[in-house]
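A.B. asks: Quick one, fold the following:
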Amino acid sequence: MLKHSLIILALFISTFGFSQDEDSYVFGDDTESSSTNSSKGGGFDWERATIGGGLGLSFGTLTVLEIAPNFGYYLTDNVLVGVGGRYSYYKDNVDNFSTSIYGGRVFGEYLFGKLPFLAHVETELINLEWTQDVRKNIVNVYVGGGIKQRIGGRSYLYILGLWNLNETKESFILQPNPIIRGGIAIGL
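C.D. replies: Okay, the predicted model is just below:
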């Protein structure tokens, strides 16, 4: 068991070692394209846009299927803002209960230059079935941070650790603190 743990740890550390390659492109490092983009006179630039999000699957006594697409835009080389949606199908096989949960979010991220870290803030509105005939809106405000792993160009994988500042009994049932989330951002 210890041998397997050490092998996994070595692979994890080596992955971060390769992420520090000086030849890889990091958004904002290319001064030539930055001056070219600034001379365009403002406006929307698709090179500063990202798409991505996350998927979630869980099977067993509880079945959960989730899709959470995101669209982001770099305001500066380090500040990313965006919007996203969320749809979850939840089924409890023991109680024979199923429901759909859906909503949207607005988020902001600060990427720490060449470091693999990011800070994240988000406000989310979720609609869920509270009783058989009543649906309820819940507002969640998340803060936290995470790590990112570049996968080429302006694209990266990320893992976030978030804390819900507005945790209520409803949001606690849905997702208790802390919230661990992962996903992908793909530069266009």
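A.B. asks: buried ones in the helix or strand containing S88?
C.D. replies: Assigned by DSSP states H and E, S88 belongs to strand 79-92. For strand 79-92, burial by neighbour count (16 or more other CB atoms under 10 Å) applies to 80, 82, 84, 86, 88, 90. All C-beta spots, glycine's among them, are computed from the backbone N, C-alpha and C.
A.B. asks: In the sheet, which residues pair with the second one? Tell me.
C.D. replies: Beta bridges link G82 to G72, F107, judged by DSSP bridges.
A.B. asks: is it true that it touches P69?
C.D. replies: No - in this structure, G82 is not within contact of P69 by CB atoms under 8 Å, at 10.3 Å.
A.B. asks: My understanding was that N137 contacts E124; is that so?
C.D. replies: No - using CB under 8 Å as the test, N137 is too far from E124 to be in contact (10.7 Å).
A.B. asks: tell me the strands in this protein, going along the chain?
C.D. replies: If DSSP state E is used as the criterion, the strands of the chain fall at 49-58, 62-74, 79-92, 97-111, 117-129, 135-152, 155-164, 179-187.
A.B. asks: what pLDDT, on average, does the second one get?
C.D. replies: This points to strand 62-74. On average, the pLDDT along strand 62-74 is 91.
A.B. asks: quick check: angle from it to strand 49-58?
C.D. replies: Inter-element angle recorded for strand 62-74 and strand 49-58: 170 degrees (by axes from the mean of the first three to the mean of the last three CA atoms, to 10 degrees).
A.B. asks: sorry, back to before: if you count what's nearby, which of N137 and E124 comes out ahead?
C.D. replies: More crowded of N137 and E124, by other CB atoms under 10 Å: E124, with 21 against 11.
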